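Novice: Let me see the structure of the following:
(2 chains)
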Amino acid sequence: GENVEQHPSTLSVQEGDSAVIKCTYSDSASNYFPWYKQELGKRPQLIIDIRSNVGEKKDQRIAVTLNKTAKHFSLHITETQPEDSAVYFCAASKAGAQKLVFGQGTRLTINP
Amino acid sequence: EPEVTQTPSHQVTQMGQEVILRCVPISNHLYFYWYRQILGQKVEFLVSFYNNEISEKSEIFDDQFSVERPDGSNFTLKIRSTKLEDSAMYFCASSSHAGNYGYTFGSGTRLTVV
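Specialist: Here you go, the predicted model:
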């Protein structure tokens, strides 16, 4: 079945700097790649997603890139702010199959 | 914005007891899911439900688990005889159709088995 690997497990950046989190997936049939932000004790919140028919998507300070050939996708957060501190999860899903397979998560800490 | 609601927010149960976790998916959604997250770990898929039947389940979803949509609004997860290792946060989710459009998670039920 699908396997999603996420790196790094922890990331600490200075406020205002950029943060990049990377994920790889194993199943070439996967075509939907969402990113979730989870604050302590809260639900995962979708922050951005990308489908396999595009290579990049941007929403204000957040962008996601997808390389289908290499089977990896990345989350980019620019101009980081303290409220960006959270655990971020990538996930992958195949066409027709609705389940999401999650990566292990990245704890992002923004230092003021 | 429509929400997936879950009750209770926290449940403590004795090992061996049955628990039922409740979810109200978004009203026009057709696909329903349960996930669990053991403290500090990743979110893991348990089961998906469509057209009043299970469409997919993971290895975690063994005979101890069952799901039901008893009426037009509720979606429940039952654990028949809880074990200590069932302690986790359980998230319900729903989506509007295949392709994961509108995939939304509930706020979760923290299950503690003692």
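Novice: quick one, what contacts A:Tyr32?
Specialist: For A:Tyr32, the contacting residues are A:Asp49, A:Ile50, A:Arg51, A:Ser52, A:Ala92, A:Ser93, A:Lys94, A:Ala95, B:Gly99, B:Asn100, by Cβ atoms under 8 Å, 6 or more residues apart in numbering or on different chains. Every residue, glycine included, has its C-beta placed from N, CA and C.
Novice: Okay, and which of those residues map to strands?
Specialist: Mapping the contacts of A:Tyr32 onto strands (DSSP state E) picks out A:Asp49, A:Ile50, A:Arg51, A:Ala92, A:Ser93, A:Lys94.
Novice: from those residues, which is closest to chain B?
Specialist: If you rank the ones in strands among the contacts of A:Tyr32 by distance to chain B using Cβ to the nearest Cβ, A:Ser93 comes first, at 5.5 Å.
Novice: Please name the residues that touch the closest residue to B:Gly102 other than its chain neighbours.
Specialist: The shortest distance from B:Gly102 to any residue other than its chain neighbours is 4.2 Å, reached at B:Ser96 (Cβ to Cβ, 6 or more residues apart in numbering or on different chains). For B:Ser96, the contact set (Cβ under 8 Å, 6+ apart) comprises B:Ile26, B:Asn28, B:His29, B:Leu30, B:Tyr31, B:Gly102.
Novice: Mind pulling the model confidence for B:Ser96?
Specialist: In this model, B:Ser96 is scored at 85, pLDDT.
Novice: Looking at neighbours, which among the contacts of B:Ser96 is most surrounded?
Specialist: Highest neighbour count within the contacts of B:Ser96: B:Tyr31, with 23 neighbours (other Cβ atoms under 10 Å in any protein chain shown).
Novice: Can you name the residues bridging to that one?
Specialist: According to DSSP bridges, the partner residues bridging B:Tyr31 are B:Tyr50, B:Ser95.
Novice: any idea how far it lies from B:Tyr90?
Specialist: Separation of B:Tyr31 from B:Tyr90 (Cβ to Cβ, to the nearest Å) stands at 17 Å.
Novice: Equivalent analysis for B:Tyr33, please.
Specialist: 11 Å.
Novice: Please apply the same query to A:Ser93.
Specialist: A:Ser93 is 20 Å from B:Tyr90, by Cβ to Cβ.
Novice: neighbour-wise, which of those two wins?
Specialist: More neighbours surround A:Ser93 than the other of A:Ser93 and B:Tyr90, with 27 against 22 (other Cβ under 10 Å).
Novice: Without its sequence neighbours, what residue ends up closest to that one?
Specialist: A:Tyr32 (4.4 Å).
Novice: ditto for A:Arg43
Specialist: Using Cβ to Cβ, 6+ apart, the closest residue to A:Arg43 is B:Phe105 (4.5 Å).
Novice: Quick check: beta-bridge partners of that neighbour?
Specialist: Taking DSSP bridges as the rule, B:Phe105 bridges to B:Ala93.
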